[in-house]
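Participant: sequence and predicted structure below; questions after.
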Amino acid sequence: MIRSGTLALLAAMLLAAPAAAAPDGESCAAPHEMTRLRDGLARTATRIERHEKLTIVAIGSSSTAGYGATDPALNYPSQFAAELRRRLPAAPIDVQNKGISGETSVDMTARFDRDVLAAQPDLVIWQVGTNAVLRDLDIANYRRVVRDGLERLKSAGIDVVIMDLQFAPKVLAHPLYREMERSLAVLAKEQGVPVFRRFALMRNWLESGQLDFTTMLSPDGLHMNDLTYGCIGRILADAVIERAALPIVTSHR
């Protein structure tokens, strides 16, 4: 149970935090309903409440590794870590970037022992789906792999957030992206883990006129750039801190 004093402190930090803003004055605002995490994070909440070390592993492919960023300090895990440290100065924060370009969930789960479980993380941000869509892989089989991976992480007592696809022309050229988005949402609900809705966020930035593909993506038309990595990192930090400040309701699924 999180004490009321901790809830009040975290709520105040959320109110005091500036709206998500990217470099050069570009905006990356989004509706709260789109950015909030809907489940869990009990272990993360406990670490924050007690001012204990919070260990986070970001695992994924090129957009976790930071392809398209001009410096490693500007990829999303680095900017996520910087925002967490700014907002939670009393909690030691360790964010480990375990992204490897070109991987799918099969490759990632194969290295869980070495790159995830060995770190004994409290929270894993698992970025999945994009490479499977780009390669037109079988979605049903992909879903089984992700389900097995989620169950493995949860059985180790680790909080998990799924990060879904990026919204980019090269992804939209593959019709399977719709099925992948639906599958990840259904799977997350079944497993009781939250989804960080990157696809919806990026689409909202474009449709609202805040950004366009030129300002939002690297020249390859697929990977994010410094600006959007920063937006993702800061919004994800907001979402994790907000979720950790909420009472945890035990699900009876």
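Facilitator: Everything's here; your move.
Participant: longest helix of this protein, counting residues only.
Facilitator: Selection of the longest helix in the chain by residue count, based on DSSP state H, yields helix 226-245.
Participant: which strands and helices lie in contact with that helix?
Facilitator: Other elements packing on helix 226-245 under the criterion 3 or more C-beta pairs under 8 Å, 6 or more residues apart in numbering; DSSP states H and E are helix 4-16, helix 32-35, helix 42-49, helix 76-87, strand 159-163, helix 198-207, helix 213-216. Backbone N, C-alpha and C define where each C-beta goes, glycine included.
Participant: could you give the mean pLDDT of it?
Facilitator: Helix 226-245 comes out with an average pLDDT of 95.
Participant: can you check stretch 180-196 too?
Facilitator: 96.
Participant: list the buried residues for that stretch?
Facilitator: For stretch 180-196, a neighbour-count test (16 or more other C-beta atoms under 10 Å) marks 180, 181, 183, 184, 187, 188, 191, 193, 194, 195, 196 as buried.
Participant: go on, stretch 60-72?
Facilitator: 60, 61, 62, 63, 64, 65, 66, 67, 68, 69.
Participant: what's the answer for stretch 42-58, then?
Facilitator: Neighbour count says stretch 42-58 has 42-49, 54-58 buried, by 16+ other C-beta under 10 Å.
Participant: likewise for stretch 166-181?
Facilitator: In terms of neighbour count (16+ other C-beta under 10 Å), stretch 166-181 has its buried residues at 166, 167, 168, 171, 176, 177, 180, 181.
Participant: low-confidence stretches in the stretch 101-250 of the chain?
Facilitator: Within the stretch 101-250 of the chain, the set of residues satisfying pLDDT under 70 comprises 246-250.
Participant: just to revisit the earlier point, now, of the helices and strands packed on helix 226-245, which is deepest in the fold?
Facilitator: Most buried of the helices and strands packed on helix 226-245, by mean neighbour count (mean count of other C-beta atoms under 10 Å): strand 159-163, with a mean of 24.
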